[in-house]
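Student: my questions are about this predicted structure, shown below with the sequence.
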Amino acid sequence: SQTIHQWPATLVQPVGSPLSLECTVEGTSNPNLYWYRQAAGRGLQLLFYSVGIGQISSEVPQNLSASRPQDRQFILSSKKLLLSDSGFYLCAWSGQANYEQYFGPGTRLTVT
Amino acid sequence: AQKVTQAQTEISVVEKEDVTLDCVYETRDTTYYLFWYKQPPSGELVFLIRRNSFDEQNEISGRYSWNFQKSTSSFNFTITASQVVDSAVYFCAIGGNTGFQKLVFGTGTRLLVSP
């Protein structure tokens, strides 16, 4: 069966510090991968998606970036965090033949 | 552009009551998919159901049922005999007809079930 992991689970970072969140998927190959952000009490905003290694599409212009160095690894990064980057970050995957997305446990980021 | 509206921000019920969560969508696509997800307090989104736009049959899964009506662009979710464990935020979403999905989510409905 497929499993999706995210780490860290929680993170408190000062403004201006760098960020690296990691997401890995097990039990499937060539998944579509997604990064979402959920601000407190709000819906999900798609940040990035990837259909293959090295292929990244951005949905929202911001100071975040994403990379996919391996087939089942998706990384969300920032060189300098802003207060507005605080939120709950969710990674998700979908297969090539199914349409639903499966989400990881999320990372709760607080920028202070 | 696609859009999902969940007008109910929060619903409170007492255990064993039935509750319906509303979802209204907008799309210009002739083929699309609709989804419901549950987000318990732990935060992880749990996939509940996917419905193809060509399949308007209602679906029942245990205490959960879904009513899809293209005529009103609605995909409502009913929980029968609610339980405390049903307390969560529920999201409705819409996606296109490709293996790669850019889902558009509604803002969610928080369901509080009290004993």
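Tutor: Great, that's in hand. Numbers count the residues shown, from 1 in each chain, chains lettered A, B, ... in the order given.
Student: partner residues bridging the residue most central in space within chain A?
Tutor: Residue closest to the average C-alpha location in chain A (C-alpha atoms, centre = their mean): A:Trp35, at 3.3 Å. On the basis of DSSP bridges, A:Trp35 is bridged to A:Phe48, A:Cys91.
Student: so how far is chain B from it?
Tutor: A:Trp35 is 12 Å from chain B, where distance means C-beta to the nearest C-beta, to the nearest Å. C-beta: built from backbone N, CA, C; applies to glycine.
Student: now do the contacts for that residue.
Tutor: Residues in contact with A:Trp35 (C-beta atoms under 8 Å, 6 or more residues apart in numbering or on different chains) are A:Cys23, A:Leu46, A:Leu47, A:Phe48, A:Tyr49, A:Ala66, A:Phe74, A:Leu76, A:Tyr89, A:Leu90, A:Cys91.
Student: of all these, which comes closest to B:Gln83?
Tutor: Nearest to B:Gln83 among the contacts of A:Trp35 is A:Leu90, at 25.4 Å by C-beta to C-beta.
Student: against chain B, how distant is the closest one?
Tutor: Distance from A:Leu90 to chain B, by C-beta to the nearest C-beta: 7 Å.
Student: show me where pLDDT drops low in chain B?
Tutor: For chain B, applying pLDDT under 70 flags the ranges B:97-100.
Student: close to chain A: what parts of it are there?
Tutor: Within chain B, the positions adjacent to chain A are B:33, B:35, B:37, B:42-47, B:50, B:91, B:95, B:99-103, B:105-108 by C-beta under 8 Å from any C-beta of the partner chain.
Student: and the residue lying closest to A:Tyr49 once chain neighbours are set aside, how many neighbours?
Tutor: Using C-beta to C-beta, 6 or more residues apart in numbering or on different chains and skipping residues adjacent in sequence, the residue nearest A:Tyr49 is A:Tyr34, 4.8 Å away. By other C-beta atoms under 10 Å in any protein chain shown, 27 other residues sit near A:Tyr34.
Student: what's the answer for B:Gln69, then?
Tutor: A count of nearby residues for B:Gln69, using other C-beta under 10 Å, gives 11.
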